[in-house]
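Chemist: Here's my sequence, what's the structure:
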Amino acid sequence: MTVYLVLNQQKAEARQVAEQAARILERQGAQIVWPDPDPERDDAALAAADAVLTIGGDGTILHTARRTRLHGTPILGINLGRVGFLATCEIEEMPAKLTRLARGDFRLDRRTLLRAACGGWQQTALNDVVLYKGWRMKTIEFAVWCDGTLVNRYRGDGVIVATPTGSTAYSLSAGGPILDARIAGMVVTPICAHSLQSPPMVFSAERRLTIRVGEYTGSDAVCVSADGADEHVLSPGAQVEVNLADSYLDLISFNLADQFMAIDKKLKGR
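Modeler: Numbers count the residues shown, from 1 in each chain. Predicted coordinates:
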């Protein structure tokens, strides 16, 4: 078992935790690969790894997923963040879970990805694709089309299209439902909709969504981003096409109910 380590350098304790994790894995016969400053050697090391271990939070996994999905390498996250729905290994769980990782005693939790495109901009997202405005003084109209049929119009601050994995992230904060991560589908949640009747909507895996931006004026533009990165400015009337991607991301799991255990512990505070 070869394990490639990714550290969030902004976390003060990340290096210490990573070294502790490396010792546990090496005692079980695993080979540890640290990031290489040379980009070509580093990409080759990542491609050759059997698993990736991230030290940080969910944001570290989202960042790492942009690289690993090209190689299909599964990820396990050690949580140094505040919540951690994707980084499901807590520090106190490292001895047990990393021992199982080194022995190959784990399962792969396959997560769907979103594909979003607008003109020459195209990105893939594990959590969500978000259309949002920067100017807070005025609302913007967003029209949602499904397979060419208009299904809703929202006037507000934006629209979130989330995967089941991302349903516990920004979409949840905006009032969206929590979806079982094993469902293949998408949830559309308006952001601060100026309406009493603007419920989130759940769409099946086969659907193709189009989010159209209404007319607007002002110095702050409307933008679209994938997993909070790769921001792209949208002009009035622009359309963003969103559907499930053909690729997946595998997260390393040790329990069939990891998602719901995280919800029970980290959202409900139990």
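Chemist: Secondary structure element for L179, which one?
Modeler: Using DSSP states H and E, L179 falls within no helix or strand.
Chemist: I'd assumed V187 was in contact with it.
Modeler: Yes - counting by CB atoms under 8 Å, L179 touches V187, with 6.0 Å between them. (Each C-beta comes from the backbone N, C-alpha and C, glycine too.)
Chemist: quick one: common contacting residues for those two?
Modeler: Common neighbours of L179 and V187, using CB atoms under 8 Å, 6 or more residues apart in numbering, are P164, S167, V202.
Chemist: Kindly export the strand or helix carrying the last one (C-alpha atoms) in CSV.
Modeler: When you say that, I think you mean V202. Using DSSP H and E, V202 maps to strand 201-204. Below are the C-alpha coordinates for strand 201-204, written out as CSV (Å, rounded to 0.1, in the frame of the first residue of the first chain):
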residue,chain,number,x,y,z
MET,A,201,-35.9,21.1,-6.1
VAL,A,202,-34.4,17.7,-6.5
PHE,A,203,-33.6,16.3,-10.0
SER,A,204,-32.7,12.8,-11.1
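Chemist: Neighbouring strands - and their directions - for that strand?
Modeler: According to DSSP bridges, strand 201-204 forms sheet pairs with strand 185-191 (antiparallel).
Chemist: ok, residues contacting the strand it pairs with?
Modeler: 112, 114, 130, 132, 142, 144, 152, 154, 156-164, 167, 171, 174-177, 179, 198, 200-205, 207, 209, 242, 244.
Chemist: please redo it, this time with the cut-off set to 7 Å
Modeler: Outside strand 185-191, the residues that touch it by CB atoms under 7 Å, 6 or more residues apart in numbering are 114, 132, 144, 154, 156-164, 167, 171, 174-177, 179, 198, 200-205, 209, 244.
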